[in-house]
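Asker: sequence unavailable; structure follows:
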């Protein structure tokens with residue numbers, strides 16, 4: 001029996017509280033995961049897990065073994081990293097998750113550059129706006145926008161964007177164009193809500209003073225692409241990430257309003273569990289994303305004019321057309 005492999009399998013089963021989930025995240029058959037834990041228990045001569053049809057729970061011996069196994073695996077990873085990071089390129093499967101808008105418009109059109117730089121990393125990209133449990137779902141790293149809530153993760157700010165307040169020409173023709181936030185009274189909005197159902201208010205900054213405005217609206221969504229589409233279809237005023245709004249501003253499908261009242265800057269962060277902080281593949285991906293965003297004005301909070309300015313090109317992605325999916329390049 002490979003005790004180190006069995007130790008890793010056992011720790012993973014405990015982390016996700018399921019043999020099936022552990023098998024999925026480890027890329028192993030469920031029978032192999034079950035056998036690894038059973039063989040480990042047989043070799044140690046103790047029961048590590050209490051199994052019922054509904055849940056798993058650690059025995060006292062299991063809790064003690066988990067503490068030691070976690071420490072050993074962390075020490076082993078640190079030792080291996082000190083060598084592999086110096087003399088080898090990062091390798092292995094990397095699971096990342098990010099908002100669909102960031103993935104579709106920024107990451108996916110440039111991921112070939114990451115692969116060219118790190119050919120031994122297999123990237124699995126999930127795209128969603130929902131919060132996820134990195135440990136439970138076996139995800140190595142996530143990109144998230146806005147204020148961070150989970151202090152149990154390591155966070156690194158990799159970029160930022162400034163939203164733009166927009167409406168469709170048809171909506172403005174029906175309701176008029178507000179020029180102050182006070183003039184928003186009586187207008188409708190496309191609203192964005194969190195998984196709790198709470199609506200996100202519109203935010204504005206002027207002369208160092210922050211303002212929040214909540215408007216009623218006919219439609220509320222919790223998906224960034226749907227949010228933009230609703231604004232384009234004239235359902236109300238919205239505050240859209242500028243990197244998403246830019247093609248619609250250039251085409252005239254959306255019009256920027258309230259130029260003197262800027263929405264607050266929204267940070268973009270990479271988050272990963274503490275036990276991933278020395279992983280070369282995670283470090284490689286986070287460094288690459290930070291470099292990608294650094295070369296993209298829209299992902300640094302700069303306000304590219306829709307009619308007169310063009311975003312600076314990222315050298316590694318030169319040659320992409322202006323209407324290409326990635327908005328960091330021209």
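Answerer: Sure thing, it's come through. Not measured: the values here are computed from a predicted model. Residues are numbered from 1 along each chain as shown.

Asker: so which residues of the protein form helices?
Answerer: With helices called from DSSP state H, the chain shows them at 3-16, 19-26, 30-44, 60-87, 100-102, 111-117, 134-137, 169-175, 224-232, 242-251, 280-294.

Asker: those: which one's closest to residue 211?
Answerer: Closest approach to residue 211 among these (Cβ to Cβ): helix 242-251, 19.1 Å. The way it works is simple: take the backbone N, C-alpha and C, and place the C-beta from them, glycine included.

Asker: ok so, going back, can I get the helices of the chain in TSV with mean neighbour count and distance to residue 258?
Answerer: Shown next, in TSV, are these (neighbours: other Cβ atoms under 10 Å; distance: least, Cβ to Cβ, whole Å):
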stretch	mean neighbour count	distance to residue 258
helix 3-16	19	47
helix 19-26	18	46
helix 30-44	16	56
helix 60-87	13	48
helix 100-102	21	22
helix 111-117	13	35
helix 134-137	16	38
helix 169-175	15	12
helix 224-232	20	14
helix 242-251	20	14
helix 280-294	20	26
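
Asker: columns mean pLDDT on top of those, output as TSV?
Answerer: Conversion of the helices of the chain to TSV gives the following (pLDDT from 0 to 100):
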stretch	mean pLDDT
helix 3-16	90
helix 19-26	89
helix 30-44	92
helix 60-87	77
helix 100-102	89
helix 111-117	94
helix 134-137	74
helix 169-175	96
helix 224-232	94
helix 242-251	92
helix 280-294	92
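
Asker: got JSON lines for those helices, with distance to residue 197 too?
Answerer: What follows is the helices of the chain, written out as JSON lines (distance: least, Cβ to Cβ, whole Å):
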{"stretch": "helix 3-16", "distance to residue 197": "28"}
{"stretch": "helix 19-26", "distance to residue 197": "28"}
{"stretch": "helix 30-44", "distance to residue 197": "36"}
{"stretch": "helix 60-87", "distance to residue 197": "37"}
{"stretch": "helix 100-102", "distance to residue 197": "20"}
{"stretch": "helix 111-117", "distance to residue 197": "34"}
{"stretch": "helix 134-137", "distance to residue 197": "23"}
{"stretch": "helix 169-175", "distance to residue 197": "25"}
{"stretch": "helix 224-232", "distance to residue 197": "16"}
{"stretch": "helix 242-251", "distance to residue 197": "23"}
{"stretch": "helix 280-294", "distance to residue 197": "31"}
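
Asker: alright, calling it a day.
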